[in-house]
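Trainee: Structure, please.
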Amino acid sequence: METTENADPTPPAPTRLALRRRLAWIAIVACSPYLTLKLLWVFGVNVGVVHPDDLSRGKWIAANALTFGMDGIAALIAYTLARPGGARVRAWLILLPLWVASGLLAVIMTAVPLNLLSAVVGATTNPFTGDDFLQPWVYAIVYGGFIVEGAVLLGAFVLYANDRWPTLLHTRVRTLPDPAGTRDAQRFLGTAAAVLLAFSGVLRLAWGLGADLGMSDRWIGDRNASGRWLDGVQGSLALIGAAGLIILVHRLGGARVRGPLAMVWFGAGSSFGWGGWLALATAAAPSGSAAAKRTSPLLHTVYTAEMITGVLVLTIGWFFLTEYSRHTTHAKHAEHAEHVAHGHAPHPVG
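Mentor: Model prediction:
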């Protein structure tokens, strides 16, 4: 996304840069246990797996290679954020994967602690007790690592974004440039995306609260506290994202852009990330398997709505950032011309 290249960069203060680098390096370390576990499984060392002989070797390797690659990209982004020259990297190479990662991690970072808290007070069972697939310590390492990774990676990114795009993030929503070229398209697509987010958000929140609307019998039978917490958090984030979208595309209120932008970032990112991931997992499940029996037409509809939402938000973002970059460049040229007209330009050499 070349249109977002350093539109208004601010050289990071030494202390902020040092903090960003520390957070990014902690994120890389937090990725290590998960990446190590995935590599061991790919190479046939099935530590922590309860019944490794029951696995389809090819699918097991493919699934672990894919998830290794996903977390490897997160580690690579963290390394980029740790480098002083990270602001010179093309913006989309950081924003796109980190947006999806933020959505995936935000749900885990919220749902898992809530699930653990409810287990502590006796309302639900401990999610780390293990099952007939993985031993308990695997869940503790994986989800504990994700929570730490998400917290420090997102912290490093907040510092990075504030150094790279300070003017945009601190602009009031109502004073954002309203591009004539794509204004109507952005409002239409943004409203459509908000409606889809609200649709999936209401359904997931209802499922999280215990409703069984559109569920298959197998899905109802397999429901547990972890699944309800995940649905409840996803639904809440989706509704928050829908509100943020309406605020941004219709220029409502005087809040700074960073607030509603964060709402959309996590709301749409979680819907796109989890909807896409679960849709892929469902599509890959053999006919007649437990995963296939847990699906339903309504669930497929929700997955589709979540993925379409992500595509719409990406399109809106591309339109806006292109127009914003053009507006910023024009403003800088106008300011330079005004300085020249008032005799403030430097004298030519020679």
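Trainee: Count the residues that sit near R218.
Mentor: Neighbour count of R218, defined by other CB atoms under 10 Å: 15. Bear in mind the C-beta positions are built from the backbone N, C-alpha and C, glycine included.
Trainee: Now do the buried residues in the helix or strand it falls within.
Mentor: According to DSSP states H and E, R218 maps onto helix 217-222. The neighbour-count check on helix 217-222 (16 or more other CB atoms under 10 Å) flags W219 as buried.
Trainee: next one: the helix or strand following that helix to chain centre, how far?
Mentor: Helices and strands here follow DSSP H and E; after helix 217-222, the next one along the chain is helix 225-249. How far helix 225-249 lies from its chain's middle: 12 Å, per CA atoms, centre = their mean, to the nearest Å.
Trainee: Moving C-terminal from helix 225-249, which element do we reach first?
Mentor: Downstream of helix 225-249, the first helix or strand assigned by DSSP H and E is helix 258-284.
Trainee: For that next one, name the packing helices and strands.
Mentor: Helix 258-284 is packed against helix 91-120, helix 166-170, helix 183-208, helix 225-249, helix 290-293, helix 297-341, with contacts defined by 3 or more CB pairs under 8 Å, 6 or more residues apart in numbering; DSSP states H and E.
Trainee: Would you mind finding the most buried of these?
Mentor: Ranked by mean neighbour count, the helices and strands packed on helix 258-284 are led by helix 225-249 with a mean of 23 (mean count of other CB atoms under 10 Å).
Trainee: Run the angle between that one and helix 258-284 for me.
Mentor: For helix 225-249 against helix 258-284, the angle by axes from the mean of the first three to the mean of the last three CA atoms, to 10 degrees is 130 degrees.
Trainee: and helix 225-249, what does it pack onto?
Mentor: For helix 225-249, the packing partners by 3+ CB pairs under 8 Å, 6+ apart are helix 91-120, helix 183-208, helix 258-284, helix 297-341.
Trainee: tell me the average confidence for it?
Mentor: Average pLDDT, helix 225-249: 95.
Trainee: so what secondary structure elements neighbour the host helix or strand of W137?
Mentor: W137 is part of helix 136-164 when elements are defined by DSSP H and E. Counting contacts by 3+ CB pairs under 8 Å, 6+ apart, helix 136-164 packs against helix 14-42, helix 57-82, helix 91-120.
Trainee: could the ones you listed be laid out in CSV, adding distance to V302 and mean pLDDT?
Mentor: Formatted as CSV, the helices and strands packed on helix 136-164 follow (distance: least, CB to CB, whole Å; pLDDT from 0 to 100):
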stretch, distance to V302, mean pLDDT
helix 14-42, 27, 94
helix 57-82, 22, 94
helix 91-120, 15, 93
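Trainee: what's the closest of those helices to F199?
Mentor: With respect to F199, and counting by CB to CB, the nearest of the helices and strands packed on helix 136-164 is helix 91-120 at 17.3 Å.
Trainee: Done for today, thanks.
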